[in-house]
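In: got a predicted structure here, sequence first:
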Amino acid sequence: MIKMENSKIALPIGITLDRFIKKIENLHTNTKGELSQLLRDIALASKVVNREINKAGLVDILGNVGQQNSGGEEQQKLDVLADIRFTRALSKGGEACGVISEEVEGFVDFNNQGKYLVAIDPLDGSSNIDVNVSVGTIFSILKRITPIGTPLTEADFFQNGTHQVAAGYILYGTSTMFVFTTGDGVFAFTYESTLGEYVLSHSNMQMKEEGAIYSINEGLSKSFKDQGILQYLDYCKAQSYSARYIGSMVADFHRNLMKGGVYLYPATVDYPNGKLRLLYECNALAFIAEQAGGKATNGKERILEIEPKSFHQRTTLYIGSKKMVEQIEDCIK
Ligand code: AHG
Ligand code: MN
Ligand code: MN
């Protein structure tokens with residue numbers, strides 16, 4: 001039985017992603033036909049990437065490719081492969097008219113009739129690929145603002161995060177999960193590999209207001225630009241919170257979403273504006289965090305309200321349980 005409870009969707013655990021999308025299509029204006037198909041295209045590409053990741057140690061797809069991505073970081077073979085898989089699925093699907101990816105300098109215009117734009121981090125946590133630790137994919141979906149049929153412009157992509165019509169991530173972890181929101185709650189689907197289907201496993205996910213986990217690369221603390229962060233870390237230790245940091249933001253975020261906690265990436269000497277990318281990392285997770293009752297800021301501003309000025313813009317990020325994020329804001333005021 002489908003019902004709307006407090007504007008949230010209630011559908012039975014065990015329903016497949018395809019059926020779920022079909023059902024909510026009739027309930028939610030944001031998920032009309034084309035967007036539904038776009039989500040299916042992303043899910044399908046993620047199954048292919050999941051397959052590649054699972055056999056990574058057996059075939060020659062580990063290691064780097066000897067070149068750098070848009071941010072000057074070493075590209076791993078799986079970064080490039082995942083980028084190709086998602087971009088191909090999006091361009092063939094026809095619902096997206098363009099994409100920006102961490103792996104590509106500018107935007108790609110598909111020159112089609114699609115209404116949607118996708119910003120994607122095809123493989124998040126690249127440093128963990130070679131060591132069989134969880135990695136992910138992060139995506140954010142916007143509606144184009146220039147007329148269909150005209151060339152895409154920067155302005156199409158430079159919309160703040162409040163304009164997202166959907167966002168999500170895939171976590172290639174101990175199990176593979178597809179987690180997304182269209183603005184009506186957060187839903188997680190676990191991949192059932194024998195069926196080749198994503199199956200609803202977590203409905204209307206909510207984050208604890210306050211947790212006892214903090215996730216930060218504390219080894220960088222000598223280079224933190226904001227001393228208030230050290231004050232917050234002292235507080236975490238005084239409370240005997242657990243320090244948990246995987247180095248794949250999707251995995252760290254997902255654990256904190258499930259258990260309550262906070263993820264921090266402050267400004268450092270090497271990354272004076274923070275390391276993480278606004279358009280294809282922070283906005284998507286911020287949308288999900290807020291939908292789950294959590295919070296995401298750069299310390300001063302809500303992530304979703306930051307006006308983008310460049311494709312690969314970086315920002316500081318404090319994201320997770322609401323009260324924990326607020327306390328960080330107090331420390332760095
Ligand atoms: P990516 O692999 O897409 O470049 O992202 C890595 C990000 C994020 O996932 C992770 O939490 C963080 O960078 C790790 O950075 P440090 O190694 O500096 O902690
Ligand atoms: Mn990333
Ligand atoms: Mn990446």
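Out: Great, that's in hand. Residues are numbered from 1 along each chain as shown. Ligands and ions are numbered 1, 2, ... in the order given.

In: switch to C-alpha atoms for all contacts and neighbour counts from now on
Out: Noted.

In: interface residues of this protein facing ligand 3?
Out: Taking CA under 5 Å from the ion, the part of the chain that reaches ligand 3 is made up of 121, 123, 124.

In: please save the CA atoms from whatever helix or strand the second one lives in in CSV.
Out: Going back to what we said before, that points to residue 123. Per DSSP states H and E, residue 123 falls inside strand 116-124. This file holds the C-alpha atoms of strand 116-124, laid out as CSV (Å, rounded to 0.1, in the frame of the first residue of the first chain):
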residue,chain,number,x,y,z
TYR,A,116,18.6,17.3,-16.6
LEU,A,117,22.2,17.9,-15.7
VAL,A,118,24.3,15.6,-13.6
ALA,A,119,27.3,16.4,-11.5
ILE,A,120,29.2,13.3,-10.6
ASP,A,121,32.1,12.0,-8.6
PRO,A,122,32.3,8.6,-10.4
LEU,A,123,34.6,7.0,-7.9
ASP,A,124,34.9,8.5,-4.4
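
In: any idea how far apart the tips of stretch 292-310 sit?
Out: Start-to-end span of stretch 292-310 (CA to CA, to the nearest Å) is 28 Å.

In: residues in contact with stretch 129-137?
Out: 57, 62-63, 78, 120-126, 128, 169-174, 248, 250-251 (CA atoms under 8 Å, 6 or more residues apart in numbering).

In: re earlier: packing partners for the strand holding residue 123?
Out: Helices and strands touching strand 116-124, by 3 or more CA pairs under 8 Å, 6 or more residues apart in numbering; DSSP states H and E, are helix 77-93, strand 96-101, strand 135-143.

In: how about the ones you listed in JSON lines, adding mean neighbour count and mean pLDDT?
Out: Converted to JSON lines, the helices and strands packed on strand 116-124 look like this (neighbours: other CA atoms under 10 Å; pLDDT from 0 to 100):
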{"stretch": "helix 77-93", "mean neighbour count": "20", "mean pLDDT": "95"}
{"stretch": "strand 96-101", "mean neighbour count": "26", "mean pLDDT": "98"}
{"stretch": "strand 135-143", "mean neighbour count": "26", "mean pLDDT": "98"}
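
In: the stretch 201-333 of the chain against ligand 1: which residues are in contact?
Out: 217, 247, 248, 249 (CA under 6 Å from any ligand atom).

In: output these as JSON lines; include the columns neighbour count.
Out: As requested, those are exported to JSON lines (neighbours: other CA atoms under 10 Å):
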{"residue": "217", "neighbour count": "16"}
{"residue": "247", "neighbour count": "19"}
{"residue": "248", "neighbour count": "21"}
{"residue": "249", "neighbour count": "27"}
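
In: dihedrals phi and psi, residue 314?
Out: Backbone torsions of residue 314, given as degrees, to the nearest 10, read phi -100, psi 160.

In: what mean pLDDT does the strand holding residue 123 have?
Out: In this model, strand 116-124 has a mean pLDDT of 98.

In: strands paired with it, and their directions?
Out: With DSSP bridges as the test, strand 116-124 is paired with strand 96-101 (parallel), strand 135-143 (antiparallel).

In: what comes up buried for the helix or strand just after the longest one?
Out: Downstream of strand 135-143, the first helix or strand assigned by DSSP H and E is helix 154-157. For helix 154-157, the buried set under the neighbour-count rule, 16 or more other CA atoms under 10 Å, comprises residue 157.

In: sorry, back to before: and for the strand holding residue 123, what are the contacting residues?
Out: Here strand 116-124 has contacts from 35, 78-79, 82-83, 86, 95-103, 135-144, 156-157, 248-250, 279-281, using CA under 8 Å, 6+ apart.

In: format the helices and strands packed on strand 116-124 as JSON lines; extra columns: distance to residue 207.
Out: Below are those laid out as JSON lines (distance: least, CA to CA, whole Å):
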{"stretch": "helix 77-93", "distance to residue 207": "29"}
{"stretch": "strand 96-101", "distance to residue 207": "28"}
{"stretch": "strand 135-143", "distance to residue 207": "19"}
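
In: before we move on, back to that, which one of the residues of the stretch 201-333 of the chain next to ligand 1 is nearest residue 149?
Out: Within these, the smallest distance to residue 149 is 36.3 Å, found for residue 249 (CA to CA).

In: list the contacts for the closest one?
Out: 124, 125.

In: can you pull the phi/psi pair for it?
Out: In terms of degrees, to the nearest 10, the main-chain angles of residue 249 are phi -60, psi -40.

In: from residue 183, how far off is it?
Out: For residue 249 relative to residue 183 (CA to CA), the value is 21 Å.
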